[in-house]
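In: okay, sequence plus prediction incoming.
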Amino acid sequence: MMQTFTDLAERANVLWQQRLSLAGSDYISLSQLQQHDRQLVQSVGLCQRYLKQDEADLPLWLIALLDNSAAELNKLLALPLALSAQALLAELWLALQQKTAAHYMQQYSQPEQSPLLCLLADPQLAASLYPAMQRLDLRSAVQLAGQQGLTGQLGDLQQLATDHQLSAASRAELLYSLYLLGQRTDESELIVQLLDAQCLTSRQLQLLLLGATTEQKVRIVNALCSADIHLAINAMGFSGLTKFCPLLLEMTHQPAHSAAAQSALITMLGALSADVLQRTEPAQTQHQETLVAGQVLNQLKLPALWASGNQYQRFAAAALQVLQQPGLPLAEPMNWQGGLWPVA
């Protein structure tokens, strides 16, 4: 029986570690991610039923669930986990307890709590949280407003943009949030601002590329090639421009860039076509249209791509939906249960 209990903890930890590693997968689908999260809930539920938190050699994340310390925002943040893993653990605890993220929002009292709450919020919770976050952590409040499509705060953000005391990073992130809320600007210039302020994220880059013109996309890739080759490879994939396929194909043979280049090809062409390309001549890939998952961008059925694509293709669908309808929340495809498709 003791061996059975040990197996419960080991299985739960394997599922947890697998879930963390899926953040780098080019092949996980929405249905597979949802199935994995259900298995994780079931496995941890058995641990809660049969194990005690003082059992030997239990991982810290599992102890936090067994002793219920994951219910407390500050104890959750004190765990030696990456922010994305802390958010996943919070979502797992909420699923086990059948609670909503409002449980954590009610504990908000310190700026250090802001980044995690931004990941856990939905539009309704974000609207309630925004005033308190505006007082405690203005930079995070700006990010929250853009990410969750809080158009009611558009006037405040526009007023804030007139503040000449803002840091370069705060101003760049403010312009990005305004962009998400429909105040479009030159995508290549905004990416350079974010890059120069050292706060450019891969998700920001991906979304802005999807909104950029062909000429801007080329400028963005050229700028990134001299600044961050990994981001440049990512940009080639999200540009949808098949003119970059020969270069990406060449990079798949370079150990330092192979995984990133293959991921970029899959984002643009789809897994099957990317695999075929690596076995044939790259000259066959020259198309005039912009491609996402092997489909012409302006012909994409976004809800279908969200349901069937990999995480990068699903993010492209969510980003395009927000670009078409500013004010929608920007879905994150690797969130618990694969995130929520943005709807008004």
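Out: Yep, that arrived.

In: residue 250 - how many residues pack around it?
Out: 12 (other C-beta atoms under 10 Å). Using the backbone N, CA and C atoms, a C-beta is placed for each residue, glycine as well.

In: give me the three-state assignment for it.
Out: helix (DSSP: H, G, I helix; E, B strand; the rest coil).

In: which one is the residue positioned nearest the centre of the chain nearest to, not counting chain neighbours?
Out: In the chain, the residue lying closest to the centroid (C-alpha atoms, centre = their mean) is residue 332, at 4.4 Å. Ranked by C-beta to C-beta, 6 or more residues apart in numbering and with sequence neighbours excluded, the top spatial neighbour of residue 332 is residue 339, at 5.1 Å.

In: quick one, phi/psi of that neighbour?
Out: phi 80, psi 180 (degrees, to the nearest 10).

In: ok, it - contacts?
Out: 314, 318, 331-333 (C-beta atoms under 8 Å, 6 or more residues apart in numbering).

In: quick revisit: compute the distance between the residue nearest to the centre of the chain and residue 122, please.
Out: 11 Å (C-beta to C-beta, to the nearest Å).

In: same question, residue 164
Out: Look at residue 164 and residue 122: by C-beta to C-beta, they are 34 Å apart.

In: what does residue 236 give?
Out: 33 Å.

In: more crowded one of those two?
Out: Between residue 236 and residue 122, counting by other C-beta under 10 Å, residue 236 is the more crowded of the two (28 against 13).

In: what secondary structure does the more buried one sit in?
Out: Relying on three-state DSSP, one would call residue 236 helix.

In: right, and it touches residue 264 too?
Out: Yes: with contact defined as C-beta atoms under 8 Å, residue 236 reaches residue 264; the gap is 5.2 Å.

In: give me the common contacts of the two.
Out: Shared contacts of residue 236 and residue 264, counting by C-beta under 8 Å, 6+ apart, come down to 244, 248.

In: rewinding a little: mind checking pLDDT for the residue nearest to the centre of the chain?
Out: Confidence at residue 332, expressed as pLDDT, is 97.

In: mind listing what it touches?
Out: Applying C-beta under 8 Å, 6+ apart, we find residue 332 in contact with 119, 203, 315, 318, 339.

In: can you verify it is assigned to a helix?
Out: No: counting by three-state DSSP, residue 332 is not found in a helix; it is coil.

In: buried set for the worst-scoring helix or strand of the chain on mean pLDDT?
Out: Within the chain, no helix or strand scores below helix 271-277, which has a mean of 82 by mean pLDDT, DSSP states H and E. For helix 271-277, the buried set under the neighbour-count rule, 16 or more other C-beta atoms under 10 Å, comprises 271, 273-274, 277.

In: how about those residues, which pair is most distant?
Out: Farthest pair in the buried residues of helix 271-277 (C-beta to C-beta) is 271 and 277. Separation: 10.8 Å.

In: per the record, what domains does the chain have?
Out: 2-99, 211-344 (automatic domain parsing).

In: out of the ones you listed, the one nearest residue 177 is which?
Out: Of all those, domain 211-344 comes closest under C-beta to C-beta, at 10.3 Å.

In: from the chain's centroid, how far away is that closest one?
Out: 14 Å (C-alpha atoms, centre = their mean, to the nearest Å).

In: next one: stretch 119-138
Out: The answer for stretch 119-138 is 18 Å, by C-alpha atoms, centre = their mean.

In: same question for stretch 115-134.
Out: The answer for stretch 115-134 is 17 Å, by C-alpha atoms, centre = their mean.

In: could you report the distance from residue 96 to residue 29?
Out: 24 Å.

In: scratch that, residue 185
Out: Distance, residue 185 to residue 29, by C-beta to C-beta: 34 Å.

In: of the two, who's got more company?
Out: Shown here are residue 185 and residue 29; by other C-beta under 10 Å, residue 29 has more neighbours (17 against 14).

In: which residues sit in contact with that one?
Out: Residue 29 neighbours (C-beta under 8 Å, 6+ apart): 308-310.

In: inside strands: which ones of the residues you listed?
Out: Using DSSP state E, no member of the contacts of residue 29 falls in strands.

In: now the buried residues of helix 271-277 in TSV, with distance to residue 231?
Out: What follows is the buried residues of helix 271-277, written out as TSV (distance: C-beta to C-beta, whole Å):
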residue	distance to residue 231
271	22
273	23
274	20
277	22
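
In: looking at those, which is nearest residue 80?
Out: Among the buried residues of helix 271-277, and counting by C-beta to C-beta, the member closest to residue 80 is residue 271, at 34.7 Å.

In: and the closest one, what does it touch?
Out: 26-27, 310 are the contacts of residue 271 under C-beta under 8 Å, 6+ apart.

In: okay, now the unreliable bits of the stretch 1-150 of the chain?
Out: Counting by pLDDT under 70, the stretch 1-150 of the chain has low-confidence residues at 1-3.

In: so residue 182 sits in a helix?
Out: No: Residue 182 is assigned coil when assessed by three-state DSSP, not a helix.

In: ok, for it, nearest residue in space, not its chain neighbours?
Out: Spatial nearest neighbour of residue 182, excluding adjacent residues (C-beta to C-beta, 6+ apart): residue 326 at 3.1 Å.

In: after the least confident helix or strand of the chain, next one along is what?
Out: strand 291-292 (DSSP states H and E).

In: and the next helix or strand past that next one?
Out: Next along from strand 291-292, by DSSP H and E: strand 295-296.
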